[in-house]
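**Student:** Prediction below, plus the sequence it came from.
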Amino acid sequence: MESGKITWFGPERDAPSGKNDETIDAGGGTVVPGLIDCHTHVVFAGSREDEYVRKIRGESYLQIMQAGGGIRSTMRAVRVATEDELIAQSLPRLRRMLAGGTTTIEIKSGYGLRQADELKMLRVIARLRQLVPMEIVATYLGAHAVPPEFDWRADDYIDAMTEPSLLQTIAREKLADFADAFCEQGAFTVEQARRFLSRCAAHGLRPKVHAEQLSNYGGTRLAAELNAASADHLECIHDEDIAALQATLARREPGVPPRGAPTIPVLLPGCSFFLGTPPADARRLIDAGLPVALATDCNPGSSMIESLPLIMSIAAGQLRMTPAESLVACTANAAAALGRADRLGAIHPGHQADLLILDVPALEQWAYRVGVNAVSHVIKEGCAMTSSL
Ligand SMILES: [Zn+2]
């Protein structure tokens, strides 16, 4: 590694001659790329363990929502929180994620649900970059849910959250790289999500879509149509959605419009694990040749999970993904879901030197040792930290 980048890797006997400033002994462990959590809502205030217990006892998502719970409960907590309070609650979560091997993380807004509070969330995400040695990618999730003051007026809400002055501020201050919409019954229709994402794209925010989580609703096809970086969730996917994602792979080929990166399917099995619902059919997507990514979806309502290695263990048991498939899903494919595959997510000369040393002799032992932190060293841009961060 030199200047934060990987310069060479391979068998010791082929190592380039010359003296190294520093040698790190991996002690017989396993070296892998730093993990990339490409879908999280990790900045939030408050806690919703009361809902967790009510769900265990059999109450439905709808019953909890009607009693004032769900996203609106976190929205109320975020709206009254200051930037400093949001940072104080979120930073320990990020530090634990880093200790567990996550070196790059995407964080969404989406709990402010009005202009000032969405900007507050995005500014908190920007400030976190100075406080923790992780690469933090911000997503403007203005279309997460309709707030109470816009009940039955989702179209007006979309207009409010795509006002040119707001989108210009986000673009000018570089507060987000992506825009995201929850395309689902009770959230936003395909048409509303298209309008939201197209207006954001006009200000340089590449689309992402929460798609096909609770029903087959058209979000995946919308993601493919809009050249989105990813379509996320996909529990209720149909054949035509898979075909739409497959068609986006052709964007990698020269001369095929629209040029750009494919739309990556991002699966979030922490949700199904946390809620006890059926997971996405990962094998069907992988067997269709799609570059599946995995993420924690860390959020207070449906996946209070910070650990990507735990997600890899869940993916093994519930999605029948091998440890190697899960590793690619949490590194190279997750980098692609964030438009950073040219620089992150692989041990490759020229790539950023984000690496982990695991205290296991083989990759397969990582997911197999469920719930144990096997990360002994985190190396971020060439700087090594022990994992007692
Ligand atoms: Zn999400």
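**Tutor:** It's in. Numbering: from 1, shown residues only.
**Student:** Who are the contact partners of residue 275?
**Tutor:** Contact analysis of residue 275 by Cβ atoms under 8 Å, 6 or more residues apart in numbering lists 55, 302. Placement of C-beta: from N, CA and C, glycine included.
**Student:** can you check the one 5 residues further on too?
**Tutor:** By Cβ under 8 Å, 6+ apart, residue 280 lies in contact with 233-235, 237, 267-269, 272, 319.
**Student:** Swap in 7 Å and give it another go.
**Tutor:** 234-235, 237, 267, 269 (Cβ atoms under 7 Å, 6 or more residues apart in numbering).
**Student:** Any idea how many residues pack against residue 151?
**Tutor:** 9 (other Cβ atoms under 10 Å).
**Student:** From residue 159, how far off is it?
**Tutor:** Distance from residue 151 to residue 159, counting by Cβ to Cβ, to the nearest Å: 15 Å.
**Student:** what ranges do the strands span in the stretch 101-250 of the chain?
**Tutor:** Here the stretch 101-250 of the chain has its strands, by DSSP state E, counting those that start in this stretch, at 102-108, 135-143, 178-182, 206-211, 230-233.
**Student:** Pairing partners for the fourth one, with directions?
**Tutor:** Listed by DSSP bridges, the sheet partners of strand 206-211 and their directions read strand 178-182 (parallel), strand 230-233 (parallel).
**Student:** Contacts for that strand, please.
**Tutor:** Here strand 206-211 makes contact (Cβ under 7 Å, 6+ apart) with 139, 177-184, 193, 197, 201, 219-220, 222-223, 226, 228-234, 339.
**Student:** Hey, what's the angle from it to strand 102-108? Just curious.
**Tutor:** Put simply, strand 206-211 runs at 80 degrees to strand 102-108, going by axes from the mean of the first three to the mean of the last three Cα atoms, to 10 degrees.
**Student:** shaky segments in this structure?
**Tutor:** 255-260, 387-389 (pLDDT under 70).
**Student:** Tell me, how many residues neighbour residue 348?
**Tutor:** Neighbour count for residue 348, taken as other Cβ under 10 Å: 14.
**Student:** just use 47 as the starting number from now, easier for me
**Tutor:** Taking 47 as the first residue, the last one we looked at is residue 394.
**Student:** Figure out the helix or strand that it lives in.
**Tutor:** Per DSSP states H and E: residue 394 is located in neither a helix nor a strand.
**Student:** Verify the contact between it and residue 52 for me.
**Tutor:** Yes: counting by Cβ atoms under 7 Å, residue 52 is a contact partner of residue 394 at 6.4 Å.
**Student:** can you map out the helices along the stretch 247-396 of the chain?
**Tutor:** 265-271, 285-294, 315-321, 328-333, 354-365, 369-375, 378-383 (DSSP state H, counting those that start in this stretch).
**Student:** Can you name the residues in contact with the first one?
**Tutor:** The set of residues external to helix 265-271 that reach it, using Cβ under 7 Å, 6+ apart, is 229, 236, 239-240, 253, 255-258, 277, 280, 283, 286-287, 290-291, 293-294, 309.
**Student:** Which strand residues bridge the closest residue to residue 275 other than its chain neighbours?
**Tutor:** Among residues not flanking residue 275 along the chain, residue 252 sits closest, at 5.1 Å (Cβ to Cβ, 6 or more residues apart in numbering). Residue 252 has these beta-bridge partners by DSSP bridges: residue 224.
**Student:** Need the contact partners of stretch 399-406.
**Tutor:** Contacts to stretch 399-406, defined as Cβ under 7 Å, 6+ apart, come from residues 47, 50-52, 72, 75-80, 147, 149-150, 390, 393, 412, 415, 420-428.
**Student:** Please type out the PyMOL selection for whichever of those turn out to be buried.
**Tutor:** Here is the PyMOL command that selects the buried residues among these (16 or more other Cβ atoms under 10 Å):
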select buried, resi 47+52+75+76+78+79+80+147+149+150+390+412+420+421+422+423+424+425+426+428
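**Student:** check contacts around the residue sitting nearest the centre point of the chain.
**Tutor:** The centre of the chain sits closest to residue 85, judged by Cα atoms, centre = their mean, with a distance of 1.4 Å. Counting by Cβ under 7 Å, 6+ apart, residue 85 makes contact with 152, 278, 312, 314, 341, 343.
**Student:** Contacts only, for the last one.
**Tutor:** Residue 343 is in contact with 85-86, 314, 316-317, 349, counting by Cβ under 7 Å, 6+ apart.
**Student:** now the nearest residue to it once chain neighbours are set aside: how far from residue 278?
**Tutor:** The spatial neighbour of residue 343 that comes closest, neighbours along the chain excluded (Cβ to Cβ, 6+ apart), is residue 314 at 3.9 Å. When distance is defined by Cβ to Cβ, residue 314 is 7 Å away from residue 278.
**Student:** Tell me how far the nearest residue to residue 208 once chain neighbours are set aside lies from residue 163.
**Tutor:** Spatial nearest neighbour of residue 208, excluding adjacent residues (Cβ to Cβ, 6+ apart): residue 245 at 4.0 Å. The gap separating residue 245 from residue 163 is 19 Å, by Cβ to Cβ.
**Student:** Residue 372 now?
**Tutor:** When distance is defined by Cβ to Cβ, residue 372 is 35 Å away from residue 163.
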